[in-house]
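J.: When you get a sec, could you give me coordinates for this:
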Amino acid sequence: MIKRLIMEKVYFVKIDSYLDTEKINLATIKLLETIKPKFSGDIPLKVHFGEKGCSTFIEPKNFNGLIDYLKKNNCNPFYIETNVLYKGQRTTKQNHIALAKEHGFKDLDIVIADGEMGEEFSEIEINKKHFKNCKIGKKIAESSQMIVISHFKGHLLAGFGGAIKQLGMGCAARGGKLDMHSNSKPIINPLVCKKCKTCVNSCPVDAINLSLIPTIDSKKCIGCAKCIAVCPFGAMKVNWVSTLPKTFNEKLAEYAFAATVHKKILYINFLLNITKECDCIGKDQKIIAKDIGVLMSYDPVAIDKACFDILEKSENKKLFSGDGIFNYSKEIGLGSTEYELEEIIL
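T.: Presented below is the predicted three-dimensional model:
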């Protein structure tokens, strides 16, 4: 018997310039009118607000067409994000929201899905190779529908960032981010630690010992990473080098799968303002490729694979690594590597 390939539809509108905001919004509306998503009520828009100092993230003015469409079709959209693992402007809910507004995200309510310091999450059972359960931001885990808006660009460890990364890393609570980046335990630098006890008072399982040489009891530690967020001296760190890129991408795919459980999700990828590194880098970045367009699909693997392929064809070379994630994502049931690309003309 011949096994039929599952071809997922990916819709695409060409955009020659990221500066053409009006055309970008028209393209989004045209894509929505083509797909006709059946959403209603409260719907989170999973976005990336960009780190402080970053200027190449996708600005919220490019979401006006999407937001208008949703409001006209009985939806109440709001922005949703999770706190980051590293120390920065997006480490805590209060600072994260302040930065989002500074970057122009003022037109909708903002929800930080994992709470003030990443402590609010739900354990989603997946039973895959690396994880049995994944820590997904509570407000995301509780939602039955979502629109995932991704900026397709490079990433130092993953190779590239798109819908899969926006699902996996973007929807994970801080402890989940630690799961993916390391062996899910923080480490402490005794030379930097001032023994102020901020971490001790915040640790939910009493895993931190500030004796002569400060240590973390790995048997007690649950990997919530709250100590990293609260340490005023930066003594708590992540062992970034403990995970190889292949393993990291497999873990990322599993977390992406967890974020989709019991949800209807629409994916929008902006193949514009393409940079070598991700929007978490707090500095100006050089644009490394021509602007290409906006894509939309119900399949996160298909839409990322389409972006990867279109970009390679446009630039006549492979710009990013990390494409091994596609086969593993297909293997675990996240999506399809086979797609049918339909270009929509404005």
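
J.: Could you work out the end-to-end span of stretch 7-21 for me?
T.: 31 Å (CA to CA, to the nearest Å).

J.: again but with stretch 311-325, I slipped
T.: Note: stretch 311-325 ends 17 Å apart using CA to CA.

J.: Now do that stretch: everything it contacts.
T.: By CB atoms under 8 Å, 6 or more residues apart in numbering, the residues outside stretch 311-325 that reach it are 152, 154-155, 158-160, 164, 245-246, 249-250, 252-253, 271, 274, 288-290, 292, 305, 308. C-betas here are computed from N, CA, C, even on glycine.

J.: So which bits of it are buried?
T.: Using 16 or more other CB atoms under 10 Å as the test for burial, stretch 311-325 gives 311, 314, 319, 320, 322, 323, 325.

J.: Show me the two of these that sit farthest apart.
T.: 314 and 325 (20.7 Å; CB to CB).

J.: Buried among the contacts of stretch 311-325? Need that as a selection in PyMOL.
T.: With 16+ other CB under 10 Å as the criterion, this PyMOL line picks the buried residues out of these:
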select buried, resi 152+154+155+158+159+160+164+249+250+252+253+271+274+289+292+305+308
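
J.: Just the ones of the contacts of stretch 311-325 in strands?
T.: Within the contacts of stretch 311-325, residues falling in strands by DSSP state E are 154, 155, 159, 160, 271.

J.: mind listing what the residue lying closest to the first one once chain neighbours are set aside touches?
T.: Nearest residue to residue 154 in three dimensions, chain neighbours excluded: residue 276, at 4.5 Å (CB to CB, 6 or more residues apart in numbering). When the contact criterion is CB under 8 Å, 6+ apart, the partners of residue 276 are 153, 154, 285, 286, 288.

J.: distance of the second one from residue 85?
T.: This means residue 154. 19 Å (CB to CB, to the nearest Å).

J.: swap in the last one?
T.: Computed with CB to CB, the distance linking residue 288 and residue 85 is 26 Å.

J.: can I see the domain layout of the chain?
T.: According to automatic domain parsing, the chain comprises the domains 8-182+244-343, 187-237.

J.: Just say which of the ones you listed is most tucked in.
T.: domain 8-182+244-343 (a mean of 20; mean count of other CB atoms under 10 Å).

J.: quick one: contacts for residue 71?
T.: Counted by CB under 8 Å, 6+ apart, residue 71 has contacts residue 77.

J.: Make JSON lines out of the contacts of residue 276 and add distance to residue 185 and pLDDT.
T.: JSON lines is the format used below for the contacts of residue 276 (distance: CB to CB, whole Å; pLDDT from 0 to 100):
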{"residue": "153", "distance to residue 185": "30", "pLDDT": "98"}
{"residue": "154", "distance to residue 185": "28", "pLDDT": "96"}
{"residue": "285", "distance to residue 185": "32", "pLDDT": "94"}
{"residue": "286", "distance to residue 185": "36", "pLDDT": "96"}
{"residue": "288", "distance to residue 185": "35", "pLDDT": "97"}
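
J.: Could you provide those in TSV, with additional columns for distance to residue 223?
T.: Shown next, in TSV, are these (distance: CB to CB, whole Å):
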residue	distance to residue 223
153	28
154	27
285	31
286	36
288	35
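
J.: what about the helices in this protein?
T.: 21-35, 64-72, 93-102, 138-141, 163-171, 174-181, 198-202, 226-230, 245-260, 300-315, 325-331 (DSSP state H).

J.: tell me, which of those is the model least confident about?
T.: Out of those, helix 226-230 stands lowest, with a mean of 81 (criterion: mean pLDDT).

J.: got the CA coordinates for it in PDB?
T.: These are the backbone C-alpha positions of helix 226-230, laid out as PDB (Å, rounded to 0.1, in the frame of the first residue of the first chain):
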ATOM      1  CA  LYS A 226      13.400  31.800  40.400                       C
ATOM      2  CA  CYS A 227      16.800  32.300  42.100                       C
ATOM      3  CA  ILE A 228      18.200  33.500  38.800                       C
ATOM      4  CA  ALA A 229      15.500  36.200  38.600                       C
ATOM      5  CA  VAL A 230      15.800  37.500  42.200                       C
END
